[in-house]
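In: Sequence and predicted structure below; questions after.
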Amino acid sequence: MASSFIRDRPYLSKDRIINLSLSDLIICPLCQGVLWLPEACQDCETTYCASCIKAWKIETPSEPTLCPNDGLQYIQRKCPPAINLILSKLQVICRYKPNGCSEILPYGYLETHEELCDYRLRTCSGCKAEIIKMDFNEHYSQCPLVSLTCPECNSVFQRRDQDEHTETKCLQVQLNQLRDEMRQNEQIQTAHINQLEGQINSFIEIIEQLK
Ligand SMILES: [Zn+2]
Ligand SMILES: [Zn+2]
Ligand SMILES: [Zn+2]
Ligand SMILES: [Zn+2]
Ligand SMILES: [Zn+2]
């Protein structure tokens, strides 16, 4: 049998469908959810979510893959059109309803909506909090833990420390950067000179030998 991980986490749970009918035909036997991107077994015509079959192959490795329903070789075929037709009629509650989204969408438009939904969560790179997408820009532009980069000296600091990066401090950093750069240039030049000296010395040696 499939692991509890799959069974507990269908991509599309039944309780999100507001007009569920003919549910015997459109429930995936692996996740007990409504079929999502379904495919079928050529032999017994049982339909599964593509991701459930993928997880099944990983969890019960065998060569060839066996159908979870009849235990015979699983040869993938397209989901029967009748099943797709039933699915296309479903009206689905957006998965971000707990965050405030009130949209109900046709099955076929669900994925597009959920990608764009204003109520999905985004993680703030500063405080790591999960923020509802439509509030994100406002939070991000004020979060004290977000890292900022000074355009003058490229120093990185958190927004709450912005005031400590004064003009004087910035100039100091730039000065140190210039010093480092000069030191590096000096080292490169010294290395060049040493190399040239080495070449000249070997020329002199050759000339001495030719005499
Ligand atoms: Zn499934
Ligand atoms: Zn089968
Ligand atoms: Zn939504
Ligand atoms: Zn934040
Ligand atoms: Zn600076």
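Out: Alright, I've got the coordinates. Ligands and ions are numbered 1, 2, ... in the order given.

In: quick one: Gln158 from Lys169, how far?
Out: Computed with Cβ to Cβ, to the nearest Å, the distance linking Gln158 and Lys169 is 15 Å. (Glycine included, C-beta is placed from N, CA and C.)

In: Assign a three-state SS to Ile86, would you?
Out: helix (DSSP: H, G, I helix; E, B strand; the rest coil).

In: show me the contacts for it.
Out: Residues counted as contacts of Ile86 (Cβ atoms under 8 Å, 6 or more residues apart in numbering) are 21-22, 25-26.

In: Also near ligand 3: which of the residues you listed, exactly?
Out: The subset of the contacts of Ile86 lying close to ligand 3, counting by Cβ under 5 Å from the ion, is empty.

In: just curious, which of these is nearest to ligand 4?
Out: Nearest to ligand 4 among those is Ile26, at 40.8 Å by Cβ to the ion.

In: Please report how far the closest one lies from Leu178.
Out: Counting by Cβ to Cβ - Ile26 and Leu178 are separated by 69 Å.

In: again with Asn137
Out: For Asn137, the distance to Leu178 - Cβ to Cβ - is 37 Å.

In: who's in contact with Leu146?
Out: You called it Leu, but residue 146 is Val. Contacts of Val146 (Cβ under 8 Å, 6+ apart): 124-127, 140, 158-159.

In: 6 Å - rerun?
Out: Val146 makes contacts with 126, 159, as judged by Cβ atoms under 6 Å, 6 or more residues apart in numbering.

In: domain ranges for this protein?
Out: 4-93, 162-211 (automatic domain parsing).

In: tell me the most buried of those domains?
Out: Highest mean neighbour count among the domains of the chain (mean count of other Cβ atoms under 10 Å): domain 4-93, with a mean of 16.
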